[in-house]
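Undergrad: Sharing a model that was predicted from the sequence below.
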Amino acid sequence: MCTNKTPFAFREIHIMQKNQWLLYLLFAAGTACSGKHPVNRDTESTSDSVVVSTSSETTDSTSETEPVLYVDNLTGNEISPDIDWIQIPAGSFIFGSAEGEPCSFPSEKQVPVTLTHPFVIAATEITQAQWEALDFTHSSWAIGPDKPVTLINFFEAAAWCNRLSRFEGLDPCYDLDNCTNQVGSGCFDEGGVATRSCGPYEAAFICTGELHRFADRYSCPGYRIPSSAEWEYASRAGISDAHTYGGDVSEEPISSCSEQPSLNEIAWYCNNSGEEVHDVAQKLPNPWGLYDMLGNVEEWTDYYFGGGLTLDYEHPDQAVTDPIGPAFDETMETRGRYFDSTGCLLRFSSRFYNYTDDRRDVTGFRPVRTIFE
């Protein structure tokens, strides 16, 4: 049983529209069981504070041009990351939570969604060995070749996807020309040891401007981070009448850590994880062969959280096709929750977010690639 060491954190999201306003409190920083993993973020330090040089700008007539970091270019030291890819068919499903689902939030409104492209998705969260195979460093707090890579922000996950695309001769999905610092930097103490509190943020690999080289995401031929709809569709694996692929969860206070029998065989969560991240694929997979879609570490999605309430689902009674979300925002949606989360949050439809430059010891990712006929 985990203990509550810090108060459960809330983030307020204000949405102002013409003649109405909505104020919702979204539980986005984790659970009471994650109280020992606070994100030590200086609210004054955001991506806006990072100065990014272009290939032609100089500070004065004598200063040298700042080099552009082509961090996704091949180094020649890459080897195959040996990923088990699972093919997911195109199809339709109901995105979001049914009314009365335990621990659900307003952002989980149900919407009929159709995905018109089949895709492949990694069977597990990207491991440290797979990350290192592409000649990238990292500062994961819990070290092990088969443990998920963590303490990587959204930009770093995008850089890894781009490099895998280049390694396989595919057009990359992300434009990383306007980035500073090196992938994997900024998460070590003075002795070079990885730390769970990752800062300062100015030392991290960080990018500015529009990252997407393909407007609709799904048309990119290379590897990328999944959209929120793709992630939930793959996680559900055709299941529409249960909260998880192990069955339903029971209502419980967000500050508690009760046993959830439906999760014990499929997920690491606060009641069974021993408060630590585990090697991938130690629990049962979902019906499509995907491991740890719930629990272990939360996963980045390529979906700007925006206001978080309806995103591009402005009319929940109207179906949407291949949704890409709102315009650029500083937050990205994360899915699946993690090893210290309260069990009732480990549901198909649970939606949370991190800042794009956040690097947390509970956050990893799994890539996808669209299949074109």
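TA: That came through fine.
Undergrad: Identify the residue spatially nearest to Ile371, adjacent ones excluded.
TA: Pro118 (4.5 Å; C-beta to C-beta, 6 or more residues apart in numbering). Heads up, the C-betas are built off the backbone N, CA and C, glycines and all.
Undergrad: for Val297, same thing?
TA: Nearest to Val297 is Gly364, by C-beta to C-beta, 6+ apart, at 4.2 Å.
Undergrad: Now do the one you found against Ser104, distance only.
TA: 24 Å (C-beta to C-beta, to the nearest Å).
Undergrad: Same question for Gln128.
TA: 33 Å.
Undergrad: Also Glu330?
TA: Relative to Ser104, and taking C-beta to C-beta, Glu330 is found at 25 Å.
Undergrad: just Tyr233 next, same as before
TA: Tyr233 is 18 Å from Ser104, by C-beta to C-beta.
Undergrad: What residues of stretch 127-137 count as buried?
TA: 127-128, 130-134, 136 (16 or more other C-beta atoms under 10 Å).
Undergrad: out of Glu330 and Ser104, which sits in the busier spot?
TA: Ser104 (21 against 15; other C-beta atoms under 10 Å).
Undergrad: sec struct for that one, please.
TA: What DSSP: H, G, I helix; E, B strand; the rest coil gives for Ser104 is coil.
Undergrad: same question, the one 3 residues further on
TA: Recorded secondary structure, Ser107: helix (three-state DSSP).
Undergrad: Count the neighbours of it for me.
TA: Neighbours of Ser107 (other C-beta under 10 Å): 24.
Undergrad: Now do it against Glu298, distance only.
TA: 15 Å.
Undergrad: Same check on Ala267?
TA: Ala267 is 12 Å from Glu298, by C-beta to C-beta.
Undergrad: Next: His243.
TA: For His243, the distance to Glu298 - C-beta to C-beta - is 17 Å.
Undergrad: what about these two, which has more around it?
TA: Ranked by neighbour count (other C-beta under 10 Å), His243 and Glu298 place Glu298 first, with 30 against 26.
Undergrad: The more buried one: what's it in contact with?
TA: 334-338, 341, 352, 362-364 (C-beta atoms under 8 Å, 6 or more residues apart in numbering).
Undergrad: Which of the residues you listed fall within helices?
TA: Among the contacts of Glu298, DSSP state H puts none in helices.
Undergrad: who wins for neighbours among the residues you listed?
TA: Tyr338 (34 neighbours).
Undergrad: does that residue really touch Glu299, like I thought?
TA: No. Using C-beta atoms under 8 Å as the test, Tyr338 is too far from Glu299 to be in contact (9.1 Å).
Undergrad: any shared contact partners between these two?
TA: Joint contacts of Tyr338 and Glu299 (C-beta under 8 Å, 6+ apart) are Thr363.
Undergrad: Which strands or helices does the lengthiest helix in the chain pack on?
TA: For the chain, the longest helix by residue count, based on DSSP H, is helix 154-167. With contacts taken as 3 or more C-beta pairs under 8 Å, 6 or more residues apart in numbering; DSSP states H and E, helix 154-167 sits against strand 206-207, strand 223-224.
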